[in-house]
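In: this one's structure only:
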């Protein structure tokens with residue numbers, strides 16, 4: 001590329017500028033339009049505000065062919081204004097309307113809220129077991145992962161339940177008069193990251209693991 005030629009592209013402002021003598025502009029106009037379209041495509045795919053790195057020398061060689069068969073040209077509206085003369089140089093301005101999807105830096109999926117109601121469960125003290133409130137005060141769990149595992153431990157060991165429904169865990173929160181978390185996320189993360197619980201045979205149920213049993217029995221309260 002000769003020293004009296006310039007090329008500038010700015011997707012944020014929708015500006016594509018090619019400056020040089022008239023012969024140069026006419027010769028490379030079509031290739032630069034293709035380069036511009038490819039730049040837009042890369043931004044859409046990668047959700048980036050910056051341009052992809054393009055090797056201008058390689059893309060302007062006569063042997064290099066740029067394929068646009070996979071590029072959705074209908075969604076990219078390109079307006080070309082030609083005939084802007086600056087001395088002996090010609091300048092080409094191309095303005096583009098980038099599809100709405102490419103203007104968003106992140107694609108988010110709406111989170112679906114699962115409404116799980118508390119289920120009745122016996123949490124009171126009797127001759128065979130302590131009440132949940134007393135057991136909770138004794139163990140002093142400090143976060144929702146410890147609390148949910150403690151509730152599953154209590155219902156497994158003292159209520160003799162093999163599997164604990166998420167709604168029963170919520171009833172435990174009500175019994176100790178604390179705010180209820182997103183129980184689905186808490187139990188799922190306890191299963192995945194802590195290993196204190198495992199999925200039950202039914203949907204929205206969990207079982208205590210050996211690791212969870214040992215943690216509640218021996219590691220709480222923390223010293």
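Out: Okay, I see it. This is a predicted model, so every value here is computed, not measured.
In: excluding residues flanking it in the chain, which one is nearest residue 169?
Out: Of all residues not flanking residue 169 in the chain, residue 151 sits nearest, at 5.0 Å (CB to CB, 6 or more residues apart in numbering). From N, CA and C alone the C-beta is placed, and that goes for glycine too.
In: and the strand or helix carrying that neighbour, which residues are buried?
Out: Using DSSP states H and E, residue 151 sits in helix 144-157. Counting neighbours by 16 or more other CB atoms under 10 Å, one finds that the buried residues in helix 144-157 are 144-156.
In: which elements pack onto it?
Out: Contact partners of helix 144-157 among helices and strands, from 3 or more CB pairs under 8 Å, 6 or more residues apart in numbering; DSSP states H and E: helix 132-139, strand 164-165, helix 166-175, helix 183-189, strand 197-199, strand 205-208, helix 210-214.
In: tell me the angle that helix makes with helix 132-139.
Out: Orientation of helix 144-157 against helix 132-139 (axes from the mean of the first three to the mean of the last three CA atoms, to 10 degrees) gives an angle of 120 degrees.
In: what residue ranges in this protein score low on pLDDT?
Out: Low-confidence regions of the chain, defined by pLDDT under 70, span residues 1-113.
In: what does stretch 170-188 contact?
Out: Residues from elsewhere that reach stretch 170-188 (CB atoms under 8 Å, 6 or more residues apart in numbering): 114, 116-121, 123, 132-133, 136, 144-145, 147-148, 151, 154-155, 166, 169, 197, 204, 206.
In: got it, and stretch 138-150?
Out: So stretch 138-150 is contacted by 130, 135-136, 169, 172-173, 178, 181, 183, 186-187, 189-190, 194, 196-197, 208, 212, 215-216, 220-222 (CB under 8 Å, 6+ apart).
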